[in-house]
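Q: let's see this in three dimensions:
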Amino acid sequence: HGIEGRGDGPESPRLPIAPTNFHQWPIKFGTSLADIVFTISYGRSEGDMPPFKKTLKEEDIWLVAHYIKPWIDLKR
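A: Numbers count the residues shown, from 1 in each chain. Below you'll find the predicted structure:
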């Protein structure tokens, strides 16, 4: 998603579907911290985003959720 969450990370040109721009696009599975943690943990069912539950510790998933939450809140 890039350093500022604009969907422009270094791998984005190689992905078949562009990563979410948290500053502009609607958030599909909810905007609460718990919703964000769930999405990070289990991915998106369409296969757009892989699950990270097996590759990141729960604490790290929560840290990522706290990191991106302000971008989502600013959009409102």
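Q: list the buried residues of the helix ranked longest in the chain.
A: If you go by DSSP state H, the chain has its longest helix at helix 58-75. For helix 58-75, the buried set under the neighbour-count rule, 16 or more other Cβ atoms under 10 Å, comprises 61, 62, 65, 68, 69, 71, 72. (Glycine included, C-beta is placed from N, CA and C.)
Q: list the residues that contact the fourth one.
A: Remark: with contacts taken as Cβ atoms under 8 Å, 6 or more residues apart in numbering, residue 68 is in contact with 1, 5, 22, 36.
Q: okay, it: pLDDT?
A: Among the per-residue scores, residue 68 holds a pLDDT of 92.
Q: between the contacts of residue 68, which is closest to residue 14?
A: Nearest to residue 14 among the contacts of residue 68 is residue 1, at 14.2 Å by Cβ to Cβ.
Q: for the residue nearest to the closest one when sequence neighbours are not counted, which residues are in contact?
A: Spatial nearest neighbour of residue 1, excluding adjacent residues (Cβ to Cβ, 6 or more residues apart in numbering): residue 19 at 4.7 Å. For residue 19, the contacting residues are 1, 2, 7, 9, 12, 49, taking Cβ under 8 Å, 6+ apart as the criterion.
Q: what of residue 47?
A: The neighbours of residue 47, taking Cβ under 8 Å, 6+ apart as the test, come to nothing; the list is empty.
Q: quick one, phi psi at it?
A: When read as degrees, to the nearest 10, the backbone of residue 47 gives phi 90, psi 0.
Q: gap between it and residue 24?
A: Shown here: residue 47 relative to residue 24, a distance of 22 Å by Cβ to Cβ, to the nearest Å.
Q: also residue 2?
A: In this structure, residue 2 and residue 24 are separated by 12 Å, where distance is defined by Cβ to Cβ.
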